[in-house]
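Trainee: predicted model and sequence follow; I will ask about them next.
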Amino acid sequence: MLSTDVTEAARPTRMTIAAGALLRGLPLALLLVSGCAVFTPEQRAPDETVLEALPPQVVKPPVATQTFAFDPKHTAVVGELQVTHASYEDTLPDIARRFNLGFDEVSRANPGVDPWLPGAGTRIVLPTQFVLPDAPTEGLVVNLAALRMFYFPKPDKHGQRVVMTFPIGIGKVGWATPEGSTKIVSKRKKPWWTPPESVRKEHAAAGDPLPARVPPGPDNPLGAYAMNLGWQSYLIHGTNKPAGVGLRASHGCIRMYPEDIDSVFDRIPVGTKVTVVNQPLLHRWQDGNLYVQSYPTHEDSRGAGEAGAGIDEEEATESSVPWDDALANRLWQQAKPHGASINLPLAQQTVTEARGVAVPVNRRGLTMERLYASSRLVENELPDGATWDGSDGEPTADTKASGSGERR
């Protein structure tokens, strides 16, 4: 098993192999027939001498990380890792929304931090750098494992493209959001919500009966906007409970922060392609680095939707992508054409801890702590260009529409 840095330069040449073999009395011809196939990259300890003292961090303004220039031939990673410090009154949901992240994204990137009382001065890692999923770069792409959506609009009149990304909430245990391809079939502002019978039964059994129809307003879980998918009764919509964004908490629909869906609703036309994938491990090369981003794998009894409504939360399991020699070799093969090495201890930690942080695993001697210490240290405030204005108010929509038999 490979356990340390691996480089192409570390491979022994055929000449040195033969010389060593002759010294041991082995037939040269046998080794030449064997060729390189019987040899694996040399194992050696990471070169700690490449590390230099990091300069003191200077606090900078935060960077908004929801819209980026996009070149389909070259863009594989967007955003920038940031770090801030909690204030006395902060909770992790507060910080998540401030930096356009979901609750799960912030809590996983900061293991051991109390989500409701992180404490003044506590360092908070902001995973605002994203490896793009392996999916067509058109329309809407949802990565369920990352609890994140990407929107790839068509090029503008100058041929320029952007990608926009937002945290989302998805289906809870027993109500899994489906995977596959569909499209936006209709859009509504100020939607009425007509809960399906299965949802009404679930609420009635819990002592929380629902009306047959819920009008627009603060009690409507769809929020101010809804986009119907080609999958019957599944929607992308806002919410009246922003703290649920970044969680598996819906009945299969895709929830967005009110301010996020308000910012893109008019830009997304009916007919837009929607691709839903579930990719807990992402690894792509960009700007001289192999970035690995790992999320937990979620497994439950996948009787999604109405048939799965009775599944208990305890039946769900969560684990990380397994680390093995095959994965280590796959990463090395991805770095090899660039003449790069793999920091295997860091790569293994990144994969198995599944913190959802994009980590450049080809940097020799890098540790997670050094990565955080060298990241952009920012003020704990709304970035310029953020979709949220810091208030709890719901964006307003002008018109009213109706809908029936919809999850939320």
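Mentor: Sure thing, it's come through.

Trainee: identify the bridge partners of the closest residue to G230 other than its chain neighbours.
Mentor: Once flanking residues are discounted, G230 sits nearest to T182: 3.9 Å by Cβ to Cβ, 6 or more residues apart in numbering. Placement of C-beta: from N, CA and C, glycine included. T182 has the following beta-bridge partners by DSSP bridges: V274.

Trainee: for H338, see how far away T182 is.
Mentor: Applying Cβ to Cβ, to the nearest Å, the value for T182 to H338 is 37 Å.

Trainee: in the stretch 51-200 of the chain, which spans are strands?
Mentor: With DSSP state E, counting those that start in this stretch as the criterion, the stretch 51-200 of the chain has strands at 67-69, 77-79, 82-85, 123-126, 129-131, 139-143, 148-152, 162-171, 180-189.

Trainee: make JSON lines from those and add distance to D260, mean pLDDT and mean neighbour count to it.
Mentor: As requested, those are exported to JSON lines (distance: least, Cβ to Cβ, whole Å; pLDDT from 0 to 100; neighbours: other Cβ atoms under 10 Å):
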{"stretch": "strand 67-69", "distance to D260": "11", "mean pLDDT": "97", "mean neighbour count": "15"}
{"stretch": "strand 77-79", "distance to D260": "15", "mean pLDDT": "98", "mean neighbour count": "21"}
{"stretch": "strand 82-85", "distance to D260": "18", "mean pLDDT": "98", "mean neighbour count": "20"}
{"stretch": "strand 123-126", "distance to D260": "17", "mean pLDDT": "98", "mean neighbour count": "21"}
{"stretch": "strand 129-131", "distance to D260": "15", "mean pLDDT": "98", "mean neighbour count": "22"}
{"stretch": "strand 139-143", "distance to D260": "12", "mean pLDDT": "98", "mean neighbour count": "24"}
{"stretch": "strand 148-152", "distance to D260": "9", "mean pLDDT": "98", "mean neighbour count": "23"}
{"stretch": "strand 162-171", "distance to D260": "4", "mean pLDDT": "96", "mean neighbour count": "24"}
{"stretch": "strand 180-189", "distance to D260": "15", "mean pLDDT": "97", "mean neighbour count": "16"}
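
Trainee: where in the stretch 251-400 of the chain is pLDDT low?
Mentor: Low-confidence regions of the stretch 251-400 of the chain, defined by pLDDT under 70, span residues 299-317, 393-400.

Trainee: can you show me the helices along it?
Mentor: 258-264, 325-335, 344-353, 368-373 (DSSP state H, counting those that start in this stretch).

Trainee: out of these, indicate the one that is most buried.
Mentor: Most buried of those, by mean neighbour count (mean count of other Cβ atoms under 10 Å): helix 258-264, with a mean of 23.

Trainee: contacting residues for the closest residue to D287 other than its chain neighbours?
Mentor: When the adjacent residues along the chain are set aside, D287 lies closest to V77, with 7.7 Å between them (Cβ to Cβ, 6+ apart). Contacts of V77 were listed using Cβ atoms under 8 Å, 6 or more residues apart in numbering, and they are 129-132, 284, 286-287, 291, 358.

Trainee: same check, this time on T65
Mentor: Taking Cβ under 8 Å, 6+ apart as the test, what T65 contacts is 78-80, 82, 99-100, 128-130, 165, 383.

Trainee: repeat for R123
Mentor: Listed by Cβ under 8 Å, 6+ apart, the contact partners of R123 are 83-85, 110, 372.

Trainee: G252: which of the residues you listed is nearest?
Mentor: Distance from G252 was checked for each of the contacts of R123 by Cβ to Cβ. The minimum falls on N110, at 28.5 Å.

Trainee: the closest one contacts I124, correct?
Mentor: Yes - at 5.8 Å, N110 and I124 qualify as touching, with contact defined as Cβ atoms under 8 Å.

Trainee: so what sits against both of these two?
Mentor: Common neighbours of N110 and I124, counting by Cβ under 8 Å, 6+ apart, are 92, 118.

Trainee: beta partners for the residue nearest to D287?
Mentor: In this entry, V77 is beta-bridged to V131, by DSSP bridges.

Trainee: distance of it from G288?
Mentor: Applying Cβ to Cβ, the value for V77 to G288 is 11 Å.

Trainee: and what of P178?
Mentor: Computed with Cβ to Cβ, the distance linking P178 and G288 is 38 Å.

Trainee: neighbour count winner among the two?
Mentor: Under the neighbour definition other Cβ atoms under 10 Å, P178 and G288 were set side by side, and P178 has more, 15 against 10.

Trainee: just give the nearest non-adjacent residue to the more buried one, would you?
Mentor: If the residues on either side of it in the chain are set aside, P178 comes closest to W231, at 5.9 Å by Cβ to Cβ, 6+ apart.

Trainee: need the contact list for the most centrally placed residue in the chain.
Mentor: Here the mean C-alpha position of the chain is nearest to the C-alpha of A146 (Cα atoms, centre = their mean), at a distance of 3.1 Å. For A146, the residues meeting the contact criterion (Cβ under 8 Å, 6+ apart) are 105, 130, 133, 279-280, 282, 293, 295, 356.

Trainee: one more time with 10 Å
Mentor: Residues in contact with A146, defined by Cβ atoms under 10 Å, 6 or more residues apart in numbering, are 102, 104-105, 127, 130-131, 133, 165, 167-168, 277-280, 282, 293-295, 356.

Trainee: sorry, back to before: just the contacts of V77 now: which is nearest S250?
Mentor: Proximity of the contacts of V77 to S250 was ranked by Cβ to Cβ; the top entry is F130 with 21.7 Å.

Trainee: the residue nearest to G230 against K273, yeah?
Mentor: Yes - contact status for T182 versus K273: in contact at 8.0 Å, counting by Cβ atoms under 10 Å.

Trainee: which residues do these two both contact?
Mentor: 139-140, 230.

Trainee: so which of the residues you listed is the closest to P56?
Mentor: Taking Cβ to Cβ as the measure, P56 sits nearest to L140 out of these, at 41.8 Å.

Trainee: I figured the closest one hits I254, correct?
Mentor: Yes - between L140 and I254 there is a contact under Cβ under 10 Å: 9.0 Å.

Trainee: which neighbours do those two share?
Mentor: If you check L140 and I254 against Cβ under 10 Å, 6+ apart, the residues they both contact are 149, 166, 227, 229, 236, 274, 276.
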